[in-house]
Every structure is written in structure tokens, then in C-alpha cells.
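[1] The following block contains a protein sequence and its predicted model.
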Amino acid sequence: MRPESMQHTLTAAAIAVSGIVALVAARTPGSQAQAFDVLITNARVLDGSGNPWLREDMGIRGDRIVARGRLAGATAARVIDAKDLMVAPGFIDVHSHAVGALRGAELRDARALLLQGVTTIIGNPDGGGPIDLAAQRLSLEAEGIGVNVGLMIGHGSVRGAVLGNAIRDPDPAELDRMKGIVEKAVADGAFGLSSGLFYEPGRYAKLEEVIALARVAGGVYASHIRDEGNYATGVVASVREVIRVAEEAGVRGVVTHIKALGPDSWGLSKTVVADIDAARARGAQVFADQYPYEASSTSLGAAVLPGPSGPEALKGRLAEPPSADQLLKEVAENVRRRGGPASIVIASGRGAPGLAGQSLQQIAKTRGVSPERAAIDILLGGGASIVSFNMSEDDIRLFMRQPWTMTGSDGDLSLPGPSRPHPRGHGSFARRLGVYVRERGVDSLEDAVRSMTSLSARVFGLTDRGELRPGAIADVVVFDPATIQDRATYEDPFGFATGVQWVLVNGQVAVADGAATGVLAGRVLRE
């Protein structure tokens, strides 16, 4: 164990012991009244473990919870009356694209996240992000951030730094360079390796390369798998790749934003669940994360023409009639496998000015061309991002009920404008609780909260987060289970969630009486 790690462990242990003493004292009749920085009273405490709530008070000093129980007579600089609402650990978004947005002055307060109860995000997913995590950390810390951030090191970025978009294996020297980049990222605090094997350049990597780098990274291997539908490898075989990495590299494997994409793959959730259960039964640490929507979002190029889909590559294929005919057939088939042209909706993009919110079917009809031709024209114009309606509700529910499935958003933060991004960045966590727990009854409130708190913290090694106990960091959310609701829609994706009344980040009040305070209490965390 590194000296700093040992010191952290000893410090945390000491805090925990002192907190337990405080808790015992608080529950002892006649004990001396205690003073806190923040006292939360009249709460239904969901501690994040999956246990039923308990009616308790909670005392906080500095950035730590130091007491739970019936704290009669306690005083505090700030008393928060929870009014019999639920008090839970701050929610953890294990798959977020919002890190870049947090560097901007208008979004660094992370209001859209806080109003869902999110206090921590894990960034650099899908194999992306910079390779210099020390510089990324400094850029986030320079002006402050509203939520905590943990960073992954992206396999695609590492591969790109050494091989570019070369369609080949690295030679031994190049693999060593890639390992060196990952090793430095770990030293700079990376929580593990992310991959996007569906995207360039990750799609050109054999699994042996990924396993070698995952061994160096340790911790977590979180993958946007090679195929979530039936493009080539197939969703079942692609999930088995994550299982293999987890087993051979000795890491915690995460099938990120788990789904069975497209009608051809609907129902395969049963096979995927059985495979993960079997892997876990033989000792593999395999998990998943999921956002609670029936639509995904990606680039139009990745959706309809995986691989090189830039204007120059397309112009070359369109130059010869046989190649052009084959291109149109490929695009048509990929549109079909995602549910057809009505299911693919433009979010934004240089190749689709003024078309946000319109489906590929609508655009093709207006232009008097086939949907595949419309898609190619958009790609020739510079491409676009899309929202793609391609999931079955039955698959969503089955994945959601699994005890190894965490909640994530796969979302970003952006300001209102002409674009129509996926609403998941503004609504995932509120939707999970409001729609899938309260309205549809897919699972219990206790299990849903666990999926976004203690489970996430344990998988990602977030020490002293994800639970409400003496000694834990005071990331706390107070919410009303009867009213919590996502307000972001596909038509208006910028609506703020409602039903979260109070949020504390590292002991500081970030949401008070349902309104963000603007405090920048977040930290860049280290594994």
C-alpha cells in the first residue's frame, strides 16, 4: 500500500470510529447535546444499502456525517427540516459526458445534475477523453465545479495517441507506449479503463490489446461494447468480451448503458442476463449500468455506417456506381436494424442545419429521396448527432431489475438552443425514481436508490461515498418520492427535474428548498 493510501485509510478509520462513538452517544438517553455544522431532522433515511428507511436525524461536521439517530437537543449552524421526506446518499452517475461542460462558466455549477440529486459523476467514458488526466484535473479545479468528478482513461484515446486510426495491431514497442500512458493515468488518479469498441479507433483493437491495458489500469473496465445490436459481432458475443476482460485482467467489468438495440435483438436481454449471472457465479466481477429511456443517442455516422463515414470516405465510395449501390444498401440495412427511418431523429449537427427534432423519414419525404440517401447527404454535409428509438420496454425492465445494474445517464450538459439532445442528461435519475419506481413499479425505491449510490460507490471504489453512515462523506440528497419527476423531454430536453429539495456536496448546501445555490463544492476524486 502506498504511504498516502495508508494515511488516507488510517484517517478514514479514525473518522469512522469517532463518528460511531458520536452515533452511540446520540442514541443514549441523557447524553450531552451535540453541536453540528448541519443537522437534518425529521428524515426518512435511506442509507443506500437497499435496507428500508428509518426515521432519524443526521448530524454533519465539515464534510463528514458524524451522527445518525434521534438527536434530540442537538444544535447546528444550519438545521434542515426534512419534513418526513427521503434522505439518501448523493446519487452517482457512473457514465457521464458532462466533464467538458463543467469547465464552462455557465454550466460548472452542474445545476441540471444537482436537481436530480446527482453529486458525483464518472467521466471520460466510451474510450474517450484526454490522455493527460493531470491536466484535465487542473482544468476542472481551476474555477471550481458543482459536483464531484472521477476520471477514467479512455482506450480509444490511448490507441489513437499511438496508432491513430490504423487498422492493425500494435507492435510490442507500441503496446508498451500504450501501457505507459495508462500507467501514468492511474498514477494521476484514473479509476480504470473505459472503451468504445463500437467506435473508431477502438473498433480496430483485438481483445488481447484491451486485456493487456485493463491489467495495467486495474480497478474498473467500463465498455461501450463492440455491438449492442446485430451489426456484426452481436450483443451477446460483445457482452461476453466484457466478461472475458473482467476474468483475464482481474478487474471489475461494466457493460455500460446496457441494452438490446433494435428489433432484431429484442428479447436477447434474457441471454445476456444469464451470461452475466453465470460469470458472476464462477467469480467474475461483472456489472452493468443503464439509463431509463427507450431511445439511445450517437452520431448518425456510427449508427448507419460504422467505420469510416466522413465526407472524403463517402465521396470515394459514391464515385463508382457498384460501390455507391452497395453503400446505399448498407445504410438502408442499418437504418432498418435500428427500427426504421421514423425512429432516427436529428439532435444537432453541421450536416443537418435547422433539422433538429425531425426524423430521417420526415427529412427524406421533404427532399423527395430515400431515407438512406438523406442519411448519406447529411453525412456528406458534416454529419449529425441523433436520438434513436430502438429499445424494448421488456428488455429495459429486465436489465433494470438485476442486482448488478447501476444507474447512469450517458448524458451531457448543454445550454438551451436550437439543438434537441437526448433528455437523459437532465432527467435520468429523476426518471428512474419517478417513472420506473413510482409509476411503473419495476422495482422498489430502496433497490433503485442502491443502484445509484452504494452499488456504484463499491464498483468504482469511491471510498466513503454512496452510504449514509458516521464517517462517510456528506454527499446527501433530500427528495420527495411522491413528486420527484424528470421534466426534460425529447421535444424539450432542457427541463430541470423536480422533487429534489436539498442537496449537500461534501457537506456544503448545493440545493436549498428546491433551488440550486450556485456553490462549487465538488472535487476531482482519485482512485
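    Here it is on my side, so go on.

[2] Quick one: residues contacting residue 97.
    If a contact means Cβ atoms under 8 Å, 6 or more residues apart in numbering, then residue 97 has 123, 125, 410, 411, 412, 425 as its contacts. Glycine gets a C-beta too; all of them are placed from N, C-alpha and C.

[3] redo that, cut-off 10 Å
    121, 123-126, 128-129, 297, 409-413, 424-425 (Cβ atoms under 10 Å, 6 or more residues apart in numbering).

[4] of the residues you listed, closest to residue 256?
    Ranked by distance to residue 256 (Cβ to Cβ), the contacts of residue 97 are led by residue 125 at 6.4 Å.

[5] now the helices for the stretch 51-200 of the chain?
    According to DSSP state H, counting those that start in this stretch, the stretch 51-200 of the chain carries its helices in the segments 111-114, 133-141, 155-163, 172-187.

[6] I'd like the ones you listed laid out as CSV, including mean neighbour count and mean pLDDT.
    Below are those laid out as CSV (neighbours: other Cβ atoms under 10 Å; pLDDT from 0 to 100):
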stretch, mean neighbour count, mean pLDDT
helix 111-114, 27, 98
helix 133-141, 16, 97
helix 155-163, 22, 98
helix 172-187, 16, 98
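
[7] so which of the ones you listed comes closest to residue 502?
    Nearest to residue 502, of all the helices of the stretch 51-200 of the chain, is helix 111-114, at 10.2 Å by Cβ to Cβ.

[8] so where's the stretch 201-350 of the chain shaky on pLDDT?
    Along the stretch 201-350 of the chain, segments meeting pLDDT under 70 span 307, 309.

[9] Let me see the contact set for the spatially most central residue of the chain.
    Nearest to the geometric centre of the chain sits residue 95, at 1.7 Å (Cα atoms, centre = their mean). By Cβ under 10 Å, 6+ apart, the contact set of residue 95 is 121-123, 125-126, 152, 194, 222, 224, 254, 256-257, 289-291, 406-411, 424, 428.

[10] Kindly provide the distance from it to residue 480.
    To residue 480, residue 95 is 26 Å away according to Cβ to Cβ, to the nearest Å.

[11] start to end distance for stretch 475-485?
    Terminal residues of stretch 475-485 lie 21 Å apart, using Cα to Cα, to the nearest Å.

[12] same thing with stretch 217-230?
    Stretch 217-230 end-to-end distance (Cα to Cα) = 30 Å.

[13] And stretch 490-510, by the same measure?
    End-to-end distance for stretch 490-510: 27 Å, by Cα to Cα.

[14] Please apply the same query to stretch 92-109.
    Start to finish, the residues bounding stretch 92-109 are 16 Å apart (Cα to Cα).

[15] do stretch 250-257 as well
    From its first residue to its last, stretch 250-257 covers 22 Å (Cα to Cα).

[16] any idea how far residue 58 lies from residue 51?
    15 Å.

[17] thinking again about what came up before, tell me the most packed of the contacts of residue 97, by neighbour count.
    residue 409 (32 neighbours; other Cβ atoms under 10 Å).

[18] contacting residues around that one?
    By Cβ under 10 Å, 6+ apart, the residues touching residue 409 are 91, 93-98, 113, 116, 118, 121, 257, 289-293, 422-429, 431-432.

[19] thinking again about what came up before, quick check: which of the helices of the stretch 51-200 of the chain is nearest to residue 452?
    Across these, residue 452 has its closest neighbour in helix 111-114 (12.1 Å, Cβ to Cβ).

[20] What count of nearby residues applies to residue 336?
    If you count neighbours by other Cβ under 10 Å, residue 336 ends up with 16.

[21] Have a look at residue 58 and residue 51 and say which one is more surrounded.
    residue 58 (28 against 11).

[22] so that one makes contact with residue 39?
    Yes - counting by Cβ atoms under 10 Å, residue 58 does reach residue 39; the two are 7.4 Å apart.

[23] between the two, what contacts are shared?
    Joint contacts of residue 58 and residue 39 (Cβ under 10 Å, 6+ apart) are 67, 71, 74, 80.

[24] For residue 472, state which of those is nearest.
    Nearest to residue 472 among the shared contacts of residue 58 and residue 39, with distances taken as Cβ to Cβ, is residue 67, at 11.6 Å.

[25] who's the residue lying closest to that closest one once chain neighbours are set aside bridged to?
    Distances taken as Cβ to Cβ, 6 or more residues apart in numbering put residue 59 closest to residue 67, at 3.8 Å, once the chain neighbours are dropped. For residue 59, the beta-bridge partners under DSSP bridges are residue 39, residue 67.

[26] just to revisit the earlier point, any chance of a PyMOL selection covering the buried ones in the shared contacts of residue 58 and residue 39?
    Those of those that count as buried under 16 or more other Cβ atoms under 10 Å are selected in PyMOL with:
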select buried, resi 67+71+74+80
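
[27] if we can go back for a sec, who are the neighbours in contact with the residue nearest to residue 67?
    For residue 59, the contact set (Cβ under 10 Å, 6+ apart) comprises 19, 22-23, 26, 34-41, 65-69, 71, 74-76, 470, 474.

[28] Roughly how far does it sit from residue 82?
    Here residue 59 is placed at a distance of 13 Å from residue 82 (Cβ to Cβ).

[29] what's the answer for residue 222, then?
    Applying Cβ to Cβ to residue 222 and residue 82 gives a distance of 34 Å.

[30] Same check on residue 293?
    For residue 293, the distance to residue 82 - Cβ to Cβ - is 30 Å.

[31] now do residue 104
    Computed as Cβ to Cβ, the residue 104 to residue 82 distance reads 33 Å.

[32] higher neighbour count, these two?
    Using other Cβ under 10 Å, the more surrounded residue of residue 104 and residue 82 is residue 82, with 22 against 12.

[33] Run a quick check on that one versus residue 53, I expect a contact.
    No - the criterion here is Cβ under 10 Å, and residue 82 misses it with residue 53 at 11.1 Å.

[34] Overlap in contacts, these two.
    Joint contacts of residue 82 and residue 53 (Cβ under 10 Å, 6+ apart) are 43, 44, 45.
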